[in-house]
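In: I need the structure of the sequence given here:
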Amino acid sequence: MNEHITVGHTIVPISEILVIRGEGNYSNIITRDGRKLISCRTLKYFALMFGTIDFIRPSKSALVNRLAIVHIDFKSQKSIKLVNGDLISISRRNVRPLRELFQTH
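Out: Alright, predicted model coming up:
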């Protein structure tokens, strides 16, 4: 797998990506330095490209870098807190699989 992706004319190291949010046929990529890039690729494209090694899919509309996770709340808020302070919601159907994934690691 490549160590980076190309978004338009910008080369982005995969390790710098915090979250990718899907919006229809586009994806918004948010990086550690606060940049927001728009890709014409779907979230499904990125999910297949990254697999489950580096990124998790807490909902239909987000793909999160595992290294960017600070805290996961499975009880009240059902959300993932990232290093930049953003909260990513966990869908009801993904709470149990994610809890099991993180208890085994």
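
In: Show me where the protein dips below the pLDDT cut-off.
Out: 1-2, 52, 104-105 (pLDDT under 70).

In: Pick out the residue nearest the middle of it.
Out: What sits nearest the mean C-alpha location of the chain, by CA atoms, centre = their mean, is residue 64, with 1.7 Å.

In: quick one: it from residue 55, how far?
Out: Residue 64 sits 6 Å away from residue 55, going by CB to CB, to the nearest Å. (Glycine included, C-beta is placed from N, CA and C.)

In: which other residues reach the one helix or strand the residue nearest to the centre of the chain maps to?
Out: Element membership for residue 64 (DSSP states H and E) is strand 62-65. The contact list for strand 62-65, computed with CB atoms under 8 Å, 6 or more residues apart in numbering, reads 14-15, 17-22, 43, 46-47, 50, 54-58, 80, 82, 88-89.

In: which among the residues you listed end up buried?
Out: Buried residues within the contacts of strand 62-65, counting neighbours by 16 or more other CB atoms under 10 Å: 14, 17-22, 43, 46-47, 50, 54-58, 80, 82, 88.
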